[in-house]
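Q: sequence first, predicted coordinates after that:
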Amino acid sequence: MAAGLALAAGAADAKDKVKVGFIGPLTGGVSVNGIGGRNSADLAVKLRNADAKAKYEYELVVLDDECKPNVAVQVATKMAADKDIIAGATHYCSSTAIATVDTYHKFGFPVIVWGAVLPDITYRNKYAEVHRVNGTMINQNDANAELISSLGYKTVAVIHDTTDYGKGHNEYFSKALAKIGKAKIVGTFGVTAEQQDFTAELTQIKSLNPEVIYFGGLTPIGVRIRSQMDKLGIKAVFDGTSGIVSDAFVQGLGPLAEGTLAFREGAPTEKLPGGKFFMEKYNAQKYDNPPEAYGAFAYAAMDMILDTIEKTGPDRKKVIDELGNVKDRDSIVGKITFDDHGQNTVPVITRYVIQDGKFVEWDESEYASGKRKLPGQK
C-alpha cells in the first residue's frame, strides 16, 4: 500500500512536457554566433526546468538555418508545421529572418527574433506572430555615421554584401552619413556573400583613396576583405557593423583586426542588467563556445517565451496575444517593450574598436583618449 501511495505521489508531480524551438546558423561561416545563441536558449530552458515552480517541463527543438534563406524556409516550415512546438527563438542572419516571416504568419507560429537586425523583419508587414528582442540596424548606422563624422573623416568607400542584410546596411548608413553632411561616399561596391577574391573592387577603391572603408556584411567576408586590403596596401579605417562583432573576426585576422570599428545595439553583455547572472550561469554549464554578441538576446527571447507559456498555457494563439501586450517587461537585456509591429525599442548602441585582440568600448579605448591613433585620425 505504501509503495502504491509513493507511485501515486510521483505521478502527481510529473509535469506536462512542452516543446519550444530554436533556429540559428549552426554550420557555415557564422556558426559561432548560432552556437552561442543556441547555448543561450538552451540555458534558459535548463534553468526553467530546474525551477520547481515551473508548471511545465520544456524540451528544446534545435534546427540549423545555415544562414541561407532557402534552408531557413525549409526548417521554419518544419518547425511551424509541428503543432507540438509552441513558439521559437529564431535567426541570427537577417537574410534568413526576412525569408521566413511569411511562413510563421501562415502557420500562426509565434517567434521572437534574437539576432537579425534588418528593420523589414518586423516593419515590412504587421504580423502578430513576429517579434524581436534586439534592435535594428537603423540606430547602429546612425551611431556609426556620427562617430566617423566626429573623427573628422571626409571620404568613405562602401562595400556591402548583396543580401537583404548588406543592402539594408548600405541604405541606412548612406542616409545617416548624408544627413550629417560632413563626409561623402566616394564609391559603393556590392559583393556576394560567397565571394573569395575582392581584388577588382579593392583596386578601384585604392584609386579613390578613401579614409574609411565601411563594410556591411558578416564575419567571413569581412575577414577576407580586411586581409586583402592589407595585401594591396590600403591603409583606410575598416568600419564594420554588428555582423563582425564576434570572436571569430578577431581570430581570423590576428593583428590585422587592430583598429577595426564596429557597432551593436544593446550594452556589452557584462554591462547588461542581468549580464553578471547570465555569464555566471552560462559558464557553469561549461559550453564549448562563448555566447557571442547576441547570446544574451537569445536567452532573453527564450526566457520570454517560457514566461509566456507559463502564463497562458501551451497554446500558440494565446502566446501570440500575450506577446502583443509586452510592456516594460524585465529581462537580462533590460526592459522589453514591443511596439505595434513586435519590435523592442533598444535605445543603447555600443560603439566598439578592436584593441589588443578584443572588442573594447570606444569610450574606454586608447583610440578615444588619443593615446593610439586610427589610420588618418587627426
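A: Right, received. Where do you want to start?

Q: what residue ranges in this structure score low on pLDDT?
A: Within the chain, the stretches falling below the threshold (pLDDT under 70) are 1-13.

Q: which of the three states applies to the most centrally placed residue in it?
A: The C-alpha lying nearest the average C-alpha coordinate of the chain belongs to Gly115 (Cα atoms, centre = their mean; 2.5 Å). Classification of Gly115 by DSSP: H, G, I helix; E, B strand; the rest coil places it in coil.

Q: and it, how far is that from Pro375?
A: Computed as Cβ to Cβ, to the nearest Å, the Gly115 to Pro375 distance reads 30 Å. In this view, the C-beta of every residue, glycine as well, is placed from N, C-alpha and C.

Q: now do Glu57
A: Taking Cβ to Cβ as the measure, Glu57 falls 55 Å from Pro375.

Q: which residues in the stretch 101-250 of the chain form strands?
A: In the stretch 101-250 of the chain, strands defined by DSSP state E, counting those that start in this stretch lie at 111-113, 130-132, 155-161, 184-191, 212-216, 237-239, listed in chain order.

Q: show me what counts as buried in the first one.
A: If you call a residue buried by 16 or more other Cβ atoms under 10 Å, then strand 111-113 has these buried ones: Val111, Ile112, Val113.

Q: and those, which is closest to Gly88?
A: Val111 (4.9 Å; Cβ to Cβ).

Q: got the contact list for stretch 311-319?
A: Defining contact as Cβ atoms under 8 Å, 6 or more residues apart in numbering, one finds that stretch 311-319 is touched by 16, 18, 56, 86-87, 108-110, 305, 308-309, 321-322.

Q: got the end-to-end distance for that stretch?
A: The first residue of stretch 311-319 is 9 Å away from its last residue (Cα to Cα, to the nearest Å).

Q: can you give me phi and psi for Tyr17?
A: Just so we're on the same page, residue 17 is Lys rather than Tyr. phi -90, psi 140 (degrees, to the nearest 10).

Q: what is it paired to in the beta sheet?
A: For Lys17, the beta-bridge partners are Glu57 (DSSP bridges).

Q: going forward can the numbers begin at 450, since that is how I track them
A: All right, first residue 450 from here; so that's Lys466.

Q: tell me the spacing between it and Tyr614.
A: With distances taken as Cβ to Cβ, Lys466 is found 36 Å from Tyr614.

Q: now do Leu492
A: Leu492 sits at a distance of 26 Å from Tyr614 (criterion: Cβ to Cβ).

Q: these two: which has the busier surroundings?
A: For Leu492 versus Tyr614, neighbours defined as other Cβ atoms under 10 Å are more numerous around Tyr614 (28 against 22).

Q: can you name the residues that contact the closest residue to the more buried one other than its chain neighbours?
A: Here the nearest residue to Tyr614 in space, its sequence neighbours aside, is Ser543; by Cβ to Cβ, 6 or more residues apart in numbering that works out to 3.7 Å. By Cβ under 8 Å, 6+ apart, the contact list for Ser543 reads Ala565, Val566, Leu567, Ile570, Met586, Thr612, Asp613, Tyr614, Gly617.
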